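>>> Below are the sequence and a predicted model for it; my questions follow.
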Amino acid sequence: QDILKFMRYSNPHIKLLYLGTETGVMLQHPWSMTPTGYDHRRRIWYSSVINSDSLNWSKPYIDASDNALVITCSKAIVDNSNRKIGVAAADVGLDSVISDFLRNQEDCEGTAFIIDSDGDIIAKEGMDKTRLAWTQNFKPENLFESNNPEMRELARKMCAGKTETCRISIDGAVNYVGYAPVPSLNGTWSIAVVQPESVVLASAQQTENTITKCVDTARSEFQVYLWQRLQIFLLLLIAVSIAIMLTAAWLSRRITEPVLKLKAGAARIGSGDLDGSFDVNTGDELEELATTFNRMSGDLKDYIRDL
């Protein structure tokens, strides 16, 4: 009893520890009243291993102590002559498997389940709510018997010990399923986590939305930048154009004004007016031409006076 008590409290997931012998004697911890008609030698946890040398995990069945679903790990025990004299076993409540293990694999919109090598569901959400008497047989759901061919194919791959992710339709909704064998059980059990497609793609959609928003913001900022640069360019273009026009007008006036003065002076001389002079100070050939006209005008005046 002390050994059973120590083992029971060393692992909080263990619901009940017990040892049953071939002679009908049974020790357990915590202790509870055995129901009338109970014979541990007829229970699945005992009969499945008494003639075996291996450790065995049972399928879910109704516990006699409180009529709740449990799974049991059991192994035959032998005496010094290697003769099997009984079975040692530990119960794990299905509610503990669901709350402490399966719910850690899922979120609020997903679900998870465990199947054994026969395709029977060992544990899934809501399965622990079953309430039957310990004398009644509990038949777990078998995925190979599903009406959904995709679920049957999923069961085949899980029972084969594969580790994969697939996309299947369940009750008309698309889901992603990731599954892998449970290593500590040598592949006899496999766990699957089911997530709706919308949940799986939500993060990708969120990333896409963030990228799109950043691109739109960058595009808007770039357009503002281009418009500002275009305005600056247009202002510079207008300023340069005005400067060119003013420069052209100044150059045109500087060039044409002396020519006009020479033309007017030549017309005046042609009309016989020799008193005027050409006032051109350009410092170039036009000024030399004006000086020549002034000299010629003076010479003509002297010539006429001498006559």
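Alright, I've got the coordinates.
>>> which residues touch residue 124?
98, 102, 111, 112, 113, 114 (Cβ atoms under 8 Å, 6 or more residues apart in numbering). For every residue, glycine as well, the C-beta is placed using N, CA and C.
>>> So for the first one, what's the pLDDT?
Residue 98 is assigned 86 on the pLDDT scale.
>>> circling back to that earlier point, need the worst-confidence member of the contacts of residue 124.
residue 102 (78).
>>> Excluding sequence neighbours, find me the nearest residue to that residue.
residue 112 (4.5 Å; Cβ to Cβ, 6 or more residues apart in numbering).
>>> Just to be sure, the one you found is in a strand?
Yes - looking at residue 112 with DSSP: H, G, I helix; E, B strand; the rest coil, it is inside a strand.
>>> and it, how many neighbours does it have?
22 (other Cβ atoms under 10 Å).
>>> Wait, it touches residue 182, no?
No - counting by Cβ atoms under 8 Å, residue 112 sits too far from residue 182 to count as a contact (12.0 Å).
>>> between those two, what contacts are shared?
residue 191.
>>> For the stretch 151-300 of the chain, give me the ranges with low pLDDT.
184-187, 270-278, 280, 282-284, 286 (pLDDT under 70).
>>> which residues of it fall in strands?
Listed in chain order, the strands of the stretch 151-300 of the chain (DSSP state E, counting those that start in this stretch) span 164-170, 173-181, 189-196.
>>> Tell me which of the ones you listed sits nearest to residue 59.
strand 189-196 (10.6 Å; Cβ to Cβ).
>>> now the closest one and strand 164-170, what's the angle there?
Orientation of strand 189-196 against strand 164-170 (axes from the mean of the first three to the mean of the last three Cα atoms, to 10 degrees) gives an angle of 60 degrees.
>>> Give me the contact list for strand 189-196.
57, 102, 105-107, 109-117, 122, 154, 158-159, 161, 170, 173-182.
>>> Name every strand pairing with that strand and say which way it goes.
strand 111-116 (antiparallel), strand 173-181 (antiparallel) (DSSP bridges).
>>> Now do the longest one: everything it contacts.
Among residues not part of strand 173-181, those counted as contacts by Cβ under 8 Å, 6+ apart are 154, 157-158, 161-169, 187, 189-197, 200.
>>> on that earlier part again, max pairwise distance over the contacts of residue 124: which two?
111 and 114 (11.6 Å).
>>> From residue 87, how far off is the nearest residue to residue 85 once chain neighbours are set aside?
The shortest distance from residue 85 to any non-neighbouring residue, by Cβ to Cβ, 6+ apart, is to residue 79 (5.1 Å). As judged by Cβ to Cβ, to the nearest Å, residue 79 and residue 87 stand 13 Å apart.
>>> so which of the strands paired with strand 189-196 is the most packed in?
strand 111-116 (a mean of 23; mean count of other Cβ atoms under 10 Å).
>>> how far is that strand from where the chain is centred?
25 Å (Cα atoms, centre = their mean, to the nearest Å).
>>> can you give me how far whichever helix or strand comes after it is from the chain middle?
Heading C-terminal from strand 111-116, the first helix or strand you meet, by DSSP states H and E, is strand 121-124. From the chain centre to the centre of strand 121-124 is a distance of 30 Å (Cα atoms, centre = their mean).
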